[in-house]
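K.L.:
need a structure here:
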Amino acid sequence: MPMTVRDVLELPALQQAGPRVLAGRDRLDAPVRWVHVAEIPEIADLLRGGELVLTTGIGLPPDDDGLRRWIDDLAAVGVAGVVVELGRRFGGTLPAGLVEHARSRNLPLIALRREMRFVAVTEVVHSVIVEEQTADLLAKDEIHRIFTELSVEGAEPRQVLREVTRLSRRPAVLENLAHQVLAYETGPLTAEELLDRWETRSRAVEVPSGTGYEPRSGWLVTGVEARGDRWGRLVLLCDQEPPARTRVLLERAASTIALNQLVARDSSSVERQARSSLLLSIVNHSAPTRDVALRARGLGVVLEQRRLLGVVVRRRRPAPGAGAGGNANRRELLDAVETAVRECGLAALVGDVDEAAGGTGVTLLVALDETGSDEAALGNLSAALTRAGHRAGSDVVVAAGSVVRTLDLARRSLAEAAQVADATVHTAEPRPFYRLHDVRLRGLLYLLRDDVRLQTFVERELGPLLSYDQRHGTNHVALLETYLVEGRNKRRAADAMSVSRSALYQRLELIERVLGVDLESSERRLSLHVALTARDVMRAGGPEPTG
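P.N.:
As a prediction, this is how the structure comes out:
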């Protein structure tokens, strides 16, 4: 931590001189950037702010107006404080006008009752400052090296947070805009201590854009954003305001998380890699259609003059003992899908290019002949997955896009399959497979759950009421949701919430006042109902935090 005016006053050399604080006592914790000895009144033009000025006063203006201008100039440039040695110019006391003006500018003014060698102070303070600056440079160099390596390696957020906690010795949390924890490192705390009532605590901490420290909570917060779009916050829990290098650490970690778009790949067989690479070419439109068809034929799958069906197979939840995105988890699902495809006799490209699931899903492009039924093929695949012994059939989602007739449109079918999987993996009731018509409002909202615009919509619609409930320990959000779900039937809503109808009326009136809405408006009710549903989806179906 940088030295403060208070730290300098506690140095033995200054203590022996009998320092007396005459003004600016509440600013003694201001950091000292440098110590400057000055005996001329025009010294302010040579300063940059943060200096502690030492003087005997022998060259200062002889009149009160000149002394006040001197104080004004020093305060304007932002010096940390002024130390005046008595005896040579001012005798045993400083002029009352000088002291009063320093107080009016809240500028620390210290009188030394005995003579001292100024070099005894400057030598010590400058040595400490240089050591601190050297330590900062070394720390920043290490931060640059570590996070450059993490960026190159495409490290996952948990790895980045682990380095943040190791370097800062403080707990770190990555959250999205809905205040859901995506990843964390506990540091000296337990997971329960760190995450207890996290959403409530996080909502109470508002930090402007960029990086900021909130003293009440002790949180250092920075935004996580890419290409100008913020999608989360990185939080460091501190017990006091951290030094500048800790802010650099947090900002660099946030940049690394935002930039790392690489997904760790399993170094499996050459054949698997070839199929995955070919599927990726189709998804990205990165190769001519003819080349794709030739490469697929070389892998034993004919795609020309076939009806093509994009399919995504994804877990409803991570397999026990395997982190979401882990190699073991991916291999297990890939093995099961390949076995099921062979058992069904399907002609299909199979690969682990389901990037929407962080690499844990499996993508298929199925080639059907003119007589083959797409519904039958999907049913057989789902049944074969169960027979393959992959946990239980209800633990995986088989999602399919539309059937297309040309390879040029295969990308669309694959994209639809990924969207269906995204929308149903956490929101739909178990069934053998899912198609586009199975994606209803709740599924659509789940599909958009990470969209900043949806999160902003939910906060805009419900934020005031959520904050009201947090401050007063009430449950008006739950009451509003019950009222809307019950189709505005006040009797059923009151019974469901175990309150009287008169109490229900009063709470609905309060909700209207807090949100500034008229619940008689069908458009307003629809907007609130969608926001409540989206909030439920984001809370219940959001990504599992890793820690």
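
K.L.:
so residue 403 lies in a strand, does it not?
P.N.:
Yes. Assessed with DSSP: H, G, I helix; E, B strand; the rest coil, residue 403 lies in a strand.

K.L.:
pretty sure it contacts residue 307?
P.N.:
Yes. With contact taken as Cβ atoms under 8 Å, residue 403 and residue 307 are classed as touching, separated by 5.2 Å. Quick note: C-beta positions are derived from backbone N, CA and C, even for glycine.

K.L.:
which residues do those two both contact?
P.N.:
Both residue 403 and residue 307 are in contact with 368, 374, where contact means Cβ atoms under 8 Å, 6 or more residues apart in numbering.

K.L.:
residue 188: how many residues sit nearby?
P.N.:
By other Cβ atoms under 10 Å, 11 other residues sit near residue 188.

K.L.:
and it, what does it touch?
P.N.:
169, 171.

K.L.:
and it, how far is that from residue 96?
P.N.:
Distance, residue 188 to residue 96, using Cβ to Cβ, to the nearest Å: 52 Å.

K.L.:
likewise residue 346?
P.N.:
From residue 346 over to residue 96 (counting by Cβ to Cβ), the distance is 96 Å.

K.L.:
one more: residue 72?
P.N.:
17 Å.

K.L.:
and the two? Which one has more around it.
P.N.:
Taking other Cβ under 10 Å, residue 72 and residue 96 do not tie; residue 72 has more neighbours (15 against 9).

K.L.:
which strand or helix spans the more buried one?
P.N.:
helix 64-77 (DSSP states H and E).

K.L.:
could you point out which element follows that helix?
P.N.:
strand 81-85.

K.L.:
could you check the angle helix 64-77 makes with that following strand?
P.N.:
If you take axes from the mean of the first three to the mean of the last three Cα atoms, to 10 degrees, strand 81-85 sits at 140 degrees to helix 64-77.

K.L.:
average pLDDT across strand 81-85?
P.N.:
Confidence over strand 81-85 (mean pLDDT, whole number) is 91.

K.L.:
CA atoms of it as PDB?
P.N.:
Presented in PDB, the C-alpha positions along strand 81-85 are these (Å, rounded to 0.1, in the frame of the first residue of the first chain):
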ATOM      1  CA  GLY A  81      -0.300  18.100   2.500                       C
ATOM      2  CA  VAL A  82       2.100  20.900   3.600                       C
ATOM      3  CA  VAL A  83       4.700  20.600   6.500                       C
ATOM      4  CA  VAL A  84       6.100  24.000   7.800                       C
ATOM      5  CA  GLU A  85       9.100  24.100  10.100                       C
END
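
K.L.:
start the count at 17, not 1, going forward
P.N.:
Will do, 17 is the new start, and the previous item becomes strand 97-101.

K.L.:
what's that strand packed up against?
P.N.:
Applying 3 or more Cβ pairs under 8 Å, 6 or more residues apart in numbering; DSSP states H and E, we find strand 97-101 packed against strand 67-71, strand 125-128.

K.L.:
mind putting those strands in CSV, distance to residue 403 and mean pLDDT included?
P.N.:
Shown next, in CSV, are the helices and strands packed on strand 97-101 (distance: least, Cβ to Cβ, whole Å; pLDDT from 0 to 100):
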stretch, distance to residue 403, mean pLDDT
strand 67-71, 78, 90
strand 125-128, 84, 90
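
K.L.:
select, out of these, the one closest to residue 500.
P.N.:
Nearest to residue 500, of all these, is strand 67-71, at 62.1 Å by Cβ to Cβ.

K.L.:
what's the angle from that closest one to helix 80-93?
P.N.:
On the basis of the same axes, to 10 degrees, strand 67-71 is oriented at 160 degrees to helix 80-93.

K.L.:
in its sheet, what does strand 67-71 sit against?
P.N.:
Take DSSP bridges as the rule and strand 67-71 pairs in its sheet with strand 50-53 (parallel), strand 97-101 (parallel).

K.L.:
contact partners of the longest one?
P.N.:
Looking back up the chat, that one is strand 97-101. By Cβ under 8 Å, 6+ apart, strand 97-101 touches 21, 30, 33, 35, 40, 43-44, 46, 48, 68-73, 87, 90, 106, 110, 118, 123-128, 131-132.

K.L.:
tally of neighbours for the nearest residue to residue 499 once chain neighbours are set aside?
P.N.:
Counting by Cβ to Cβ, 6 or more residues apart in numbering, residue 509 is the residue found nearest to residue 499 once chain neighbours are left out, at 4.4 Å. Neighbour count of residue 509, defined by other Cβ under 10 Å: 23.

K.L.:
residue 56 too?
P.N.:
Counted with other Cβ under 10 Å, residue 56 comes out at 11.

K.L.:
got the phi and psi for residue 232?
P.N.:
Torsion angles at residue 232 (phi, psi; degrees, to the nearest 10) stand at phi -60, psi -40.

K.L.:
and after the least confident helix or strand in the chain by mean pLDDT, which helix or strand comes next?
P.N.:
Least confident helix or strand of the chain, by mean pLDDT, DSSP states H and E, is helix 457-463 with a mean of 76. Note on helix 457-463: by DSSP H and E, the next helix or strand toward the C-terminus is helix 468-488.

K.L.:
can I get that following helix as CSV, trimmed to CA atoms?
P.N.:
The C-alpha trace of helix 468-488 is given here as CSV (Å, rounded to 0.1, in the frame of the first residue of the first chain):
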residue,chain,number,x,y,z
VAL,A,468,-28.1,-9.1,-22.3
ARG,A,469,-31.2,-7.6,-23.8
LEU,A,470,-33.5,-10.2,-22.0
GLN,A,471,-31.6,-9.8,-18.8
THR,A,472,-32.0,-6.0,-19.1
PHE,A,473,-35.7,-6.4,-19.8
VAL,A,474,-36.2,-8.5,-16.7
GLU,A,475,-34.4,-6.0,-14.6
ARG,A,476,-36.3,-3.1,-16.1
GLU,A,477,-39.7,-4.7,-15.5
LEU,A,478,-39.1,-6.3,-12.1
GLY,A,479,-36.0,-4.5,-10.7
PRO,A,480,-37.9,-2.0,-8.5
LEU,A,481,-40.1,-4.7,-7.0
LEU,A,482,-37.1,-7.0,-6.4
SER,A,483,-35.3,-4.2,-4.6
TYR,A,484,-38.4,-3.4,-2.5
ASP,A,485,-38.7,-7.0,-1.4
GLN,A,486,-35.0,-7.1,-0.6
ARG,A,487,-35.2,-4.0,1.5
HIS,A,488,-38.4,-4.9,3.4
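
K.L.:
who does that helix touch, helix- and strand-wise?
P.N.:
helix 214-219, strand 245-253, helix 492-501, helix 517-531, helix 538-557.

K.L.:
quick check: which helices or strands does the first one pack against?
P.N.:
In this structure, helix 214-219 makes packing contacts with strand 188-192, helix 468-488, judged by 3+ Cβ pairs under 8 Å, 6+ apart.

K.L.:
do you know which of the ones you listed lies nearest residue 302?
P.N.:
In terms of Cβ to Cβ, the element of those nearest to residue 302 is helix 468-488, at 27.6 Å.

K.L.:
quick one: secondary structure of the closest residue to residue 320 other than its chain neighbours?
P.N.:
Spatial nearest neighbour of residue 320, chain neighbours left out: residue 309 (5.3 Å); criterion: Cβ to Cβ, 6+ apart. Here residue 309 is helix, with the state taken from three-state DSSP.

K.L.:
I'd like the distance between residue 309 and residue 291.
P.N.:
Here residue 309 is placed at a distance of 14 Å from residue 291 (Cβ to Cβ).

K.L.:
these two: who's more crowded?
P.N.:
A count of neighbours by other Cβ under 10 Å puts residue 291 above the other of residue 309 and residue 291, at 26 against 17.
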